[in-house]
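> can't give you the sequence, but here's the structure:
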């Protein structure tokens with residue numbers, strides 16, 4: 001079982017920045033495939049950014065150039081640096097972990113609220 005805990009959400013104004021953190025338990029964190037998803041009220045959960053064990057990154061078109069996903073394996077932590085935030089970025093942000101050891105196991109954090117508003 002992998003425990004996943006997000007932090008760093010909050011209320012900011014448009015144009016400001018936030019950094020989300022996701023800490024996942026386990027001794028093989030470096031092999032985890034990590035994603036950030038978000039879900040706005042009344043909307044489906046959408047994939048925002050991905051970082052593989054090989055540190056390859058991908059982004060949704062809506063955030064590319066503004067958000068950066070990174071990982072520090074010796075801290076078991078993945079970050080999502082969010083710059084130039086817009087009101088449409090308002091959502092609950094979730095960290096998702098995929099572990100492949102023979103079979104695939106997936107884990108979710110509880111989510112952290114990000115609100116961008118004047």
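Right, received. Where do you want to start? All values reported here derive from a predicted model rather than from experimental measurement.

> can you list contacts of the lengthiest strand in the chain?
Counting residues, the longest strand in the chain under DSSP state E turns out to be strand 91-101. Under the contact criterion C-beta atoms under 8 Å, 6 or more residues apart in numbering, strand 91-101 has outside partners 2, 4, 6, 9, 20, 22, 24, 26, 28, 31-40, 43, 45, 48, 78, 80, 104-109, 111-114. (Each C-beta comes from the backbone N, C-alpha and C, glycine too.)

> again with stretch 25-40
With C-beta under 8 Å, 6+ apart, stretch 25-40 has contacts from 2-4, 20, 22, 24, 45-53, 69, 71, 73, 76, 78, 80, 88-101, 111, 114.

> Next, the buried residues of it.
26, 29, 32, 33, 34, 35, 36, 37, 38 (16 or more other C-beta atoms under 10 Å).

> Adding pLDDT and distance to residue 118, write the residues you listed out as JSON lines.
Below are the buried residues of stretch 25-40 laid out as JSON lines (pLDDT from 0 to 100; distance: C-beta to C-beta, whole Å):
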{"residue": "26", "pLDDT": "88", "distance to residue 118": "41"}
{"residue": "29", "pLDDT": "91", "distance to residue 118": "38"}
{"residue": "32", "pLDDT": "93", "distance to residue 118": "37"}
{"residue": "33", "pLDDT": "95", "distance to residue 118": "37"}
{"residue": "34", "pLDDT": "96", "distance to residue 118": "32"}
{"residue": "35", "pLDDT": "97", "distance to residue 118": "30"}
{"residue": "36", "pLDDT": "98", "distance to residue 118": "25"}
{"residue": "37", "pLDDT": "98", "distance to residue 118": "26"}
{"residue": "38", "pLDDT": "98", "distance to residue 118": "20"}
